[in-house]
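S.K.: let's see this in three dimensions:
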Amino acid sequence: MPYLALASDYDGTLAEHGRLTPEGRAALVRLRSSGCKVVLITGRELGDFERVCPELSLFDRLVTENGAVLVDSATGRQRALTSGPPPRLIEELGKRGLTSLYRGQVIVATTDAYEQELRDAIAAAELDWRLTLNKGAIMALPAGVDKALGLRAALGELGIAADATVGVGDAENDIALLKACGLGVAVAGALPALREVADWVTSGDHGQGVAELVDRWLADGLAGLGRR
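M.R.: Model prediction:
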């Protein structure tokens, strides 16, 4: 089956220090020019993502908040794939001193130094929420919400099968993404946990790694690569 779509993480994959690299941008343009689709999947909420990467037209779909919100990049239409944090969770977080939080429509995040406080607040609020690590950050979302969920929603709108999709990332929260795709790729600087589940690890990091992937894709359709 030919690969028809790329599902890519942003920070640490296409971007370095929060900014899309020139190599990464050029690779996306080349891939889309070939007729393939590009889905961007990030832990950031939409406003924060637009601040660091205003070129939404580079992507056919955006999945923000680590899989919780689907965005049509052409129209700006957002669709939350689950409900957001109830007031009782925010109240419990405040009781534990966690008032300065990263919040979106659904996601609640902080640094991993406050993992226990976040766990305790979720338990006190009696919620079925899960925590996901992301290179020093920790994100809380309803159970079952991850990058794989957002990917399936995006691919459903594009009419593309997961088996015809290549996923690429660099961190722990990309594990679900790579496992959901027909081929999973880690850039060179990816964390060991992601490298272990990847089918291929690029020799280049950040946008250079994505460019390496795209160049091989356009040259031979990623022949010889498959699930380990």
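S.K.: now the lengthiest helix in the chain: buried residues?
M.R.: Ordering each helix of the chain by length in residues (DSSP state H) puts helix 206-220 first. Buried residues in helix 206-220, counted by 16 or more other C-beta atoms under 10 Å: 206-214, 216-217. Just so you know, the C-beta spots here come from the backbone N, C-alpha and C atoms, and that holds for glycine as well.
S.K.: JSON lines for those, including pLDDT and distance to residue 55?
M.R.: Listed next are the buried residues of helix 206-220 as JSON lines, based on pLDDT from 0 to 100; distance: C-beta to C-beta, whole Å:
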{"residue": "206", "pLDDT": "96", "distance to residue 55": "17"}
{"residue": "207", "pLDDT": "96", "distance to residue 55": "13"}
{"residue": "208", "pLDDT": "97", "distance to residue 55": "19"}
{"residue": "209", "pLDDT": "98", "distance to residue 55": "20"}
{"residue": "210", "pLDDT": "98", "distance to residue 55": "15"}
{"residue": "211", "pLDDT": "98", "distance to residue 55": "17"}
{"residue": "212", "pLDDT": "98", "distance to residue 55": "21"}
{"residue": "213", "pLDDT": "98", "distance to residue 55": "20"}
{"residue": "214", "pLDDT": "98", "distance to residue 55": "17"}
{"residue": "216", "pLDDT": "97", "distance to residue 55": "24"}
{"residue": "217", "pLDDT": "98", "distance to residue 55": "21"}
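S.K.: before we move on, the earlier item: what lies in contact with the longest helix of the chain?
M.R.: With contacts defined as C-beta atoms under 8 Å, 6 or more residues apart in numbering, helix 206-220 is touched by 3, 6, 8, 12-16, 20-28, 30-31, 34, 36, 166, 168, 185, 187-189, 200, 202-204, 222.
S.K.: which among the residues you listed count as buried?
M.R.: Buried members of these, counted by 16+ other C-beta under 10 Å: 3, 6, 8, 12-16, 20-21, 23-25, 27-28, 31, 36, 166, 168, 185, 187, 189, 200, 202, 222.
S.K.: in strands, which of those fall?
M.R.: Counting by DSSP state E, the buried ones among the contacts of helix 206-220 place 6, 8, 15-16, 20, 166, 168, 185, 200 in strands.
S.K.: okay if I get these as JSON lines plus pLDDT and distance to residue 124?
M.R.: Shown next, in JSON lines, are those (pLDDT from 0 to 100; distance: C-beta to C-beta, whole Å):
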{"residue": "6", "pLDDT": "98", "distance to residue 124": "41"}
{"residue": "8", "pLDDT": "98", "distance to residue 124": "37"}
{"residue": "15", "pLDDT": "97", "distance to residue 124": "36"}
{"residue": "16", "pLDDT": "95", "distance to residue 124": "39"}
{"residue": "20", "pLDDT": "97", "distance to residue 124": "40"}
{"residue": "166", "pLDDT": "98", "distance to residue 124": "41"}
{"residue": "168", "pLDDT": "98", "distance to residue 124": "38"}
{"residue": "185", "pLDDT": "98", "distance to residue 124": "40"}
{"residue": "200", "pLDDT": "97", "distance to residue 124": "43"}
